[in-house]
Every structure is written in structure tokens, then in C-alpha cells.
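Participant: Requesting a structural model of the entry that follows:
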Amino acid sequence: MKGEHEAMVTVSENIPKKVVEAGSRTSMQILLGPDKTPNFAMRCFTIESGGSMPNHTNAVEHEQYVLAGRASVGIGEQVHEVKKGDVVFIPAGQPHWYKTEGNEAFQFLCLVPNQPDKIEILENR
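Facilitator: Coordinates of the predicted model:
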């Protein structure tokens, strides 16, 4: 029995990167979106050396896996130093921000539920 979504394999290099306007030196690929998957979207963010994402909230939770580089990640009032291989969970509604550390791009997978999301940029730190 076929479902609404079909199994698939895609080469990630063939998926276009979109500039994240709210960020500095930041891009995102939607590896798997709601048009392809029923429950979660998988995105790959790249924040180049010297780049950042401002303090913001989302209406949905984030599950993240760091692929490369290092960054300071603010979650609520705490700042975490994260690196390749680290796993990050950001609850829905929790303020968070990113700033690369070092000369390498910071790259991470970010999975979010396929639910309506509202992004609110908070006052800059």
C-alpha cells in the first residue's frame, strides 16, 4: 500500500542553498521538507567563519547535530561551546542564537516538526 510520501535518495550537493536573510554569512538547504516527509523537515545550515544568527525564538522545537566547525550557541541564559559531533536540543519558544568560533564554517543538521512555525527575532545582544 502506497502512502502519500514515497521513499527517496537525493544527492545533497544538488539541493540549492538559500541565504538566511536574518543571519550574517548564513545559508540553509532544505534536505527534506514537508512536501517529501510526513513528520519532520531536515535542514542543513552553514554559518561561515565570522557569521552568526541573531537571538530568536521558534514556535517549534529543534533537534540539531553538528557536522563541522565550532560555535557559541546561546540557549536561554546559557551559552554553550559546541563542535563537530555535538547534539543540541532547543525546546519550542526558547530564545537561541549562534556565532561561529575559529576559521572554519559551522555546519549543522536541524530537524523540526512539520508544523506551522513562527520565528520572532529578539532584541540584539
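Participant: burial of the closest residue to Pro113 other than its chain neighbours, as a residue count?
Facilitator: Nearest residue to Pro113 in three dimensions, chain neighbours excluded: Val60, at 5.2 Å (Cβ to Cβ, 6 or more residues apart in numbering). (Each C-beta comes from the backbone N, C-alpha and C, glycine too.) Neighbour count of Val60, defined by other Cβ atoms under 10 Å: 18.
Participant: For the most centrally placed residue in the chain, which three-state class applies?
Facilitator: Taking Cα atoms, centre = their mean, the centroid of the chain lies closest to Cys110, which sits 4.0 Å from it. With DSSP: H, G, I helix; E, B strand; the rest coil as the basis, Cys110 sits in strand.
Participant: hang on, Cys44 packs against Phe106?
Facilitator: No - contact criterion Cβ atoms under 8 Å: Cys44 and Phe106 do not qualify, at 11.5 Å.
Participant: May I have the strands that pair with the helix-or-strand element of the chain with minimal mean pLDDT, each with its orientation?
Facilitator: Ranked by mean pLDDT, DSSP states H and E, the weakest helix or strand in the chain is strand 119-121, scoring a mean of 95. Its sheet considered, strand 119-121 pairs with strand 40-58 (antiparallel) by DSSP bridges.
Participant: Alright, that wraps it up for me.
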